[in-house]
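>>> what follows is a protein structure lacking sequence information:
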């Protein structure tokens with residue numbers, strides 16, 4: 001049976017989601033706003049994909065952009081609801097459930113408010129267990145598909161007259177960049193509902209149980225916070241099955257915001273033969289050791305933690321801070337078909353100037 005999400009689940013979702021945010025994944029306070037609004041106005045319900053009928057419609061609730069503190073973004077809870085409503089109007093049928101494209105500081109909770117208000121179920125499945133830079137990476141195999149999809153985007157800074165409502169139809173690869181442009185025009189961050197698909201398709205292509213993973217992790221973190229920072233880090237490693245692969249002071253941060261609404265660059269931790277370099281495209285996509293050897297690559301989880309065990313986003317990092325780098329290997333994560341899709345990698349590799357596909361798809365089916 002489904003699980004009604006309640007007030008105590010909000011903080012667990014935000015805290016667990018923040019680890020899977022992998023240096024990106026939105027804002028914790030935005031996640032709390034969405035979660036507390038949802039549990040106040042209704043009863044959002046988390047269900048497994050098996051509780052839906054094969055031909056039920058399921059779409060992805062997403063937030064698009066890289067809202068730096070430098071951009072005038074504004075996103076309200078009502079924008080997520082409106083995005084779902086517009087998609088349903090365009091589709092001409094009701095959605096039974098919503099999945100999310102990725103876990104994150106707020107994205108783990110993207111489907112809660114529409115569930116509370118419109119009755120769409122929060123489906124325990126994700127396009128990617130961890131956060132990633134492009135919509136394609138969470139599109140559960142639709143990135144290379146010629147099949148026309150519907151995507152909506154809603155939101156923007158009202159005072160600056162940047163509020164946008166957008167409906168776009170076409171192949172996912174062609175229309176996803178349109179939504180990124182809309183995000184940039186709206187102030188850097190926009191709510192989206194996209195890619196309505198049958199539940200039978202979602203069952204075989206999404207990373208199942210991805211929201212439960214975040215909730216379980218968040219519950220373990222909250223329990224450990226009663227003790228010490230190192231207890232929190234231990235709890236994160238134990239619950240995720242990950243390990244700390246680097247630690248030390250940040251010695252360099254070279255990250256720039258691009259017109260495509262991405263933060264791209266590198267973070268260097270430590271010096272000499274103990275140094276590690278984190279490659280960033282909104283999120284941490286790869287880690288190299290001092291010798292330039294690859295030690296972790298997307299879709300593995302890569303996250304920076306403070307000494308208190310707080311997951312830090314790329315935007316929070318500055319030179320001189322001490323951090324721990326968590327690595328949860330992809331081999332122990334549920335993986336969606338979109339992170340195993342070779343077509344999602346060339347764009348990211350070109351933007352970052354490093355190889356990812358070779359490692360992400362190694363020894364895989």
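That came through fine. Since this is a predicted model, take the numbers as computed values, not measurements. Numbers count the residues shown, from 1 in each chain.
>>> contacts for the longest strand seen in the chain, please.
For the chain, the strand that runs over the most residues, judged by DSSP state E, is strand 243-257. Contact partners of strand 243-257, identified using C-beta atoms under 8 Å, 6 or more residues apart in numbering, comprise 66, 68, 70-71, 233, 237, 263-271, 274-276, 280, 287, 289, 295-296, 314, 317-327. Just so you know, the C-beta spots here come from the backbone N, C-alpha and C atoms, and that holds for glycine as well.
>>> of the residues you listed, buried ones?
In the contacts of strand 243-257, burial by neighbour count holds for 66, 71, 233, 237, 263-270, 275-276, 280, 287, 289, 295-296, 314, 317, 321, 323-327, counting by 16 or more other C-beta atoms under 10 Å.
>>> mind checking which of these are in helices?
233, 237 (DSSP state H).
>>> now residue 4, nearest residue through space, not along the chain?
residue 43 (5.0 Å; C-beta to C-beta, 6 or more residues apart in numbering).
>>> which element is residue 114 on?
Under the assignment given by DSSP states H and E, the secondary-structure element containing residue 114 is helix 112-118.
>>> give me the low-pLDDT residue ranges for this protein?
Across the chain, the stretches falling below the confidence threshold (pLDDT under 70) are 25, 66-70, 363-365.
>>> if we go to 50?
Counting by pLDDT under 50, the chain contains low-confidence residues at 365.
>>> let me see the domain layout of it.
For the chain, whose domains are defined here by automatic domain parsing, the residue ranges read 3-210, 228-360.
>>> kindly reformat these as a markdown table containing distance to residue 222.
A markdown table is the format used below for the domains of the chain (distance: least, C-beta to C-beta, whole Å):
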| stretch | distance to residue 222 |
| --- | --- |
| domain 3-210 | 6 |
| domain 228-360 | 9 |
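>>> for those domains, which one ends up most surrounded?
Comparing those by mean neighbour count (mean count of other C-beta atoms under 10 Å), domain 3-210 comes out on top with a mean of 22.
>>> what's the end-to-end length of it?
The straight-line separation of the ends of domain 3-210 (C-alpha to C-alpha, to the nearest Å) is 15 Å.
>>> could you do stretch 235-247 as well?
With C-alpha to C-alpha as the measure, stretch 235-247 spans 17 Å from end to end.
>>> for stretch 93-109, same thing?
Between the start and the finish of stretch 93-109 there is a gap of 24 Å, counting by C-alpha to C-alpha.
>>> identify all contacting residues around stretch 41-57.
Here stretch 41-57 makes contact (C-beta under 8 Å, 6+ apart) with 1-5, 38, 58, 91, 93-97, 111-113, 115-117, 121-125, 196-200, 202-203, 206, 208-209, 211-212.
>>> quick one: residue 356 and residue 348 touch, right?
Yes - at 6.2 Å, residue 356 counts as touching residue 348 under the criterion of C-beta atoms under 8 Å.
>>> any residues in contact with both of those two?
By the contact definition C-beta under 8 Å, 6+ apart, residue 356 and residue 348 are jointly contacted by residue 285.
>>> related to what we said a few turns ago, return the subset of the contacts of stretch 41-57 lying in helices.
Among the contacts of stretch 41-57, DSSP H puts 38, 91, 112-113, 115-117, 199-200, 202-203, 211-212 in helices.
>>> for those residues, which one is nearest residue 14?
Minimum distance to residue 14 across the ones in helices among the contacts of stretch 41-57 is 11.2 Å, recorded for residue 112 (C-beta to C-beta).
>>> thought residue 35 was touching that closest one, still the case?
Yes - when contacts are counted by C-beta under 8 Å, residue 112 is listed as touching residue 35 (5.7 Å).
>>> joint contacts of those two?
residue 5.
>>> now for the strand or helix carrying residue 79, which elements pack on it?
When elements are assigned from DSSP H and E, residue 79 belongs to helix 77-91. Here helix 77-91 is seen to pack against helix 28-41, strand 57-65, helix 112-118, strand 148-155, strand 164-171, strand 189-198 when contacts are counted using 3 or more C-beta pairs under 8 Å, 6 or more residues apart in numbering; DSSP states H and E.
>>> looking at the ones you listed, which is closest to residue 137?
Between residue 137 and the helices and strands packed on helix 77-91, the tightest spacing by C-beta to C-beta is seen for strand 57-65, at 11.3 Å.
>>> can you list the strands that that closest one pairs with?
Taking DSSP bridges as the criterion, strand 57-65 pairs within the sheet with strand 97-100 (parallel), strand 189-198 (antiparallel).
>>> and the residue nearest to residue 4, how far is that from residue 121?
11 Å (C-beta to C-beta, to the nearest Å).
>>> and residue 211, how many residues sit next to it?
29 (other C-beta atoms under 10 Å).
>>> that one - nearest residue in space that isn't next to it in sequence?
Counting by C-beta to C-beta, 6+ apart, residue 211 lies nearest to residue 124, which is 4.9 Å off, once chain neighbours are set aside.
>>> ok, that neighbour touching residue 213?
No - taking C-beta under 8 Å as the contact criterion, residue 124 and residue 213 are not neighbours in contact, 9.1 Å apart.
>>> tell me which residue of the protein is furthest from the middle?
Of all residues in the chain, the one whose C-alpha sits farthest from the chain's mean C-alpha position, using C-alpha atoms, centre = their mean, is residue 272 at 32.9 Å.
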